[in-house]
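Peer 1: Mind looking at a prediction? Sequence and model below.
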Amino acid sequence: MKQILEGSHAVAEATRLCRPEVIAAYPITPQTHIVEALAQMVADCRLQSEYICVESEFSALSACLGASAAGSRTYSATTSQGLALMFEVCFNVAGMRLPIVMTIANRALSAPLSIWNDQQDSIALRDSGWIQLYAEDNQEALDLHILAYRVCEDHDILLPAFVCFDGFILTHTYEPVDMPTQEEVDAYLPAFNPYQKLDAKDPISFGMYATPDYYLEFRYENQRAMLRTKEAIRKYGALFGEQFGRDYSGLVEGYKLEDAEVAIIAMGSICGTVKDAIDEMRADGKKVGLLKIRCYRPFPDEEIAAALSHIKTVAVLDKNISLGSKGAVALEVKDALYGSSIDVYDYILGLGGRDIRKKDIKAIVDLAEKGSGDMFYGLREELL
Amino acid sequence: MVDKTLELFECGHRACGGCGASSAVRMILKGAGEDTIVVSPTGCLEVFSTPYPETAWKVPWIHSLFENASAVASGIEASLKRQGRKEKVVVIGGDGATVDIGMLCLSGAFERNHDITYICYDNEAYMNTGIQRSGATPFDASTTTSPAGSCSMGNKHQKKDIPAILAAHGAPYVATATMAYPTDLMKKVETAVNTPGACYIQVHAPCCTGWGFDGSKTIEVGKLAVETGLWVNYEMIDGVVKKAKKVKRKPVEDYLSVQKRFRHLFKPQKNDEEIAKVQAIADRNAEKFGIDL
Amino acid sequence: MPLNIGCTARPGKSRDNRTGSWRVFYPVFVKDKCTGCGICTLICPEGCIEVKGEKEYVPDLNYCKGCGLCAEECPGDAIMMEKEEK
């Protein structure tokens, strides 16, 4: 059913449809509308869930960890500083192979303090062992939550996932979305069937420590599960398409890429702006296309190489900066295209909520065509 | 009724010989019973009982991190509630994990009053990392980060009063105990796990390695702590002290002199002035809890 | 044995680690002096003293670390610590 909803409410409704049994969350801008909406659903008995109002994000994810280990489907949401506070727990959840799904309402990290959007927060957790999915719009954000639970809980995967969508740009924007029914979601997402759980009838020890005789192999298993996730996304993304009419089988998604000479690579809501800019550039005769990265972890290296084999120039839009190095996405795109003749240029932009408009995208394409890149884009020179 | 023959903690763990904590854990599990899920923060207990794949636990057990055991327990309790399951959720963690780094999660879990029992085995320092001072280290104890020296008498601060802090959260049952009195400890654990809401027990667990005494003396040292009034065994029901164990008090010297961590109070010469400060702590305890016979 | 996903284990495995090899002294139980109170089994940090019958307490020397806590606390002085011959 089509509804016009704020992004946060669309995500909260999708979460409700996934029937999380335990929710633990701590309020932080711009994630608050999601957890408020879920709290109201519990208060109104629209959602049968234990909702724990914890005293910090650190405890939020820790409580989810305990609940997941005890055999419940769990959910949390956070952003920015909250995610940074969860850092230690994030690695722990992934290592313990607990399929927790968490929304990240992407926001910049302090200092300076900024409540506005970029993707530094989730990017900073790229090595933590969580699947990372990025939504372009609210429909995709909604859908990716349902997909994420399906993928994570597969016993061949057993990994947690971030579903990332841009703070304010999506969380606080009303868009029409197609909301599935409970019956449809139930048909797609079976009840949680934990691989193993804390149970007095069949006791196991969880979270033991590993000596050097074992640790390396545990990390290798995490990596293998992460790599298997690619196939799981293809499978369950296609199944999603069959059931809901929106196909998510691709870890990446091309837009007007077939005959393009210049490709833009981006993640999240900026892709909408890029598409509009591409339409206008094409009207002017410029052969530009977009490769949207929907799944950043596992990183779609082979998929990127295959999609861009005919491209001359690539402009990567990075809403993050690995300080002292480059934009995190560009680094890995360069790795994926290593050995090819494709020129890859990196543009750090939009940090801390700096607006990116169609004319900026066009300007970046011009820069890339001139061979000028690996730079912060849009700096106010008068401040430097 | 506590089943003293119930064995839920297996041989083969790697605790030091004479470890007060491992002895305490066996008693705690007898008191809690087999329908128990244990959460342990990082620490000696976690390390000596669970090198993969050699677990010593015969009940379900989970370790996540150093500072989040209370939050993990909160999540487990919520999950069990949602599933209609009845297992008891018991945290067993050291003093560092409890009174220092885990304080935030501990406070949150007790404010929300989850139906959990939190048991701190208090060996009064970070033993797992090599006997560093914690907020539970007693006054004048020498540790590796509060060492006695030519211008130091060791730890300058008194133990943080976590039982009082948690009682102030509205905890229905708060108790202190020691592994030196097994029956009392087991009974208190049984009471705590059968009391709805967040309950707390702090268990004095002498550490022969960290405190510097022979492993055969663990119980003797534990008893001396109580007999000198430096450790008081009591119960608080809804924030009110109900039962405090009365003793015919011995001078604190009897307790201090048998442990290397207080050796600087006696050598090169006996420091009466400093020992008097420790005696004053025991005297205050005695007055506060009315333990003198 | 492939790894257990998530670094988990089922009970019993700690028994693979025979801590008896740590021992310098071993306990000798003198039945005549035993009062049958059972404090030794209760306080043993290893939990390795088995009750075989009335006043019959038997330490499992595969695991006994020889700490001597039982001997120290035995009210009947019925447990002697003897030096291991190695």
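Peer 2: That came in fine, so what should we check first? Residues are numbered from 1 along each chain as shown, chains lettered A, B, ... in the order given.
Peer 1: so A:A263, which of the three states?
Peer 2: strand (DSSP: H, G, I helix; E, B strand; the rest coil).
Peer 1: Identify the residue nearest it in space, chain neighbours excluded?
Peer 2: Among residues not flanking A:A263 along the chain, A:I311 sits closest, at 4.5 Å (C-beta to C-beta, 6 or more residues apart in numbering or on different chains). No exception for glycine: its C-beta is placed from N, CA and C like everyone else's.
Peer 1: Double-check that neighbour against A:E261; I have them as touching.
Peer 2: Yes: with contacts counted by C-beta atoms under 8 Å, A:I311 reaches A:E261, the gap being 6.8 Å.
Peer 1: Looking at those two now, which is surrounded by more residues?
Peer 2: Taking other C-beta atoms under 10 Å in any protein chain shown, A:I311 and A:E261 do not tie; A:I311 has more neighbours (22 against 13).
Peer 1: OK, contacts around that one?
Peer 2: With contact set as C-beta atoms under 8 Å, 6 or more residues apart in numbering or on different chains, A:I311 has these partners: A:L257, A:A260, A:E261, A:V262, A:A263, A:G289, A:I342.
Peer 1: what about it, which SS state?
Peer 2: Going by three-state DSSP: A:I311 is coil.
Peer 1: Check A:L5 too.
Peer 2: Per three-state DSSP, A:L5 ends up strand.
Peer 1: List the single closest residue to it in space, sequence neighbours excluded.
Peer 2: A:V177 (5.6 Å).
Peer 1: which stretch of helix or strand covers the one you found?
Peer 2: Using DSSP states H and E, A:V177 sits in strand A:174-178.
Peer 1: Enumerate the positions of that strand that are buried.
Peer 2: A:E175, A:V177 (16 or more other C-beta atoms under 10 Å in any protein chain shown).
Peer 1: What strands flank that strand, and is each parallel or antiparallel?
Peer 2: Paired strands of strand A:174-178, with direction, are strand A:2-6 (antiparallel) (DSSP bridges).
Peer 1: How about the lowest-mean-pLDDT helix or strand in chain B, which residues are buried there?
Peer 2: Lowest on mean pLDDT, DSSP states H and E among the helices and strands of chain B sits strand B:240-244, with a mean of 95. Buried residues in strand B:240-244, counted by 16+ other C-beta under 10 Å: B:V241, B:A244.
Peer 1: OK, contacts around the spatially closest residue to A:S56 that is not a sequence neighbour?
Peer 2: Counting by C-beta to C-beta, 6+ apart, A:S56 lies nearest to A:Y26, which is 5.6 Å off, once chain neighbours are set aside. Contacts for A:Y26 (C-beta under 8 Å, 6+ apart) come out as A:V35, A:C53, A:V54, A:E55, A:S56, A:E57, A:S59, A:A60, A:T78, A:G82.
Peer 1: Among those residues, which ones are in helices?
Peer 2: A:V35, A:E57, A:S59, A:A60, A:G82 (DSSP state H).
Peer 1: quick one: which of these is nearest B:C151?
Peer 2: A:S59 (40.9 Å; C-beta to C-beta).
Peer 1: The closest one is in contact with B:L106, isn't it?
Peer 2: No: counting by C-beta under 8 Å, A:S59 sits too far from B:L106 to count as a contact (10.1 Å).
Peer 1: Skipping its backbone neighbours, what lies nearest the residue of the stretch 101-250 of chain B found nearest chain C in space?
Peer 2: Chain C sits closest to B:S216 of the stretch 101-250 of chain B, with a gap of 3.4 Å, by C-beta to the nearest C-beta. Nearest residue to B:S216, sequence neighbours excluded (C-beta to C-beta, 6+ apart): C:G68, at 3.4 Å.
Peer 1: you'd agree the one you found is up against C:Y26?
Peer 2: No: C:G68 is beyond contact range of C:Y26, at 9.6 Å (criterion: C-beta under 8 Å).
Peer 1: can you map out the strands along chain C?
Peer 2: Here chain C has its strands, by DSSP state E, at C:25-29, C:49-53, C:56-59, C:79-83.
Peer 1: between these, which one is nearest to chain A?
Peer 2: Judging the strands of chain C by C-beta to the nearest C-beta, what sits closest to chain A is strand C:49-53, at 21.7 Å.
Peer 1: Show residues contacting the closest one.
Peer 2: B:T5, C:G38, C:C40, C:T41, C:Y57, C:V58, C:P59, C:D60, C:C64, C:C70.
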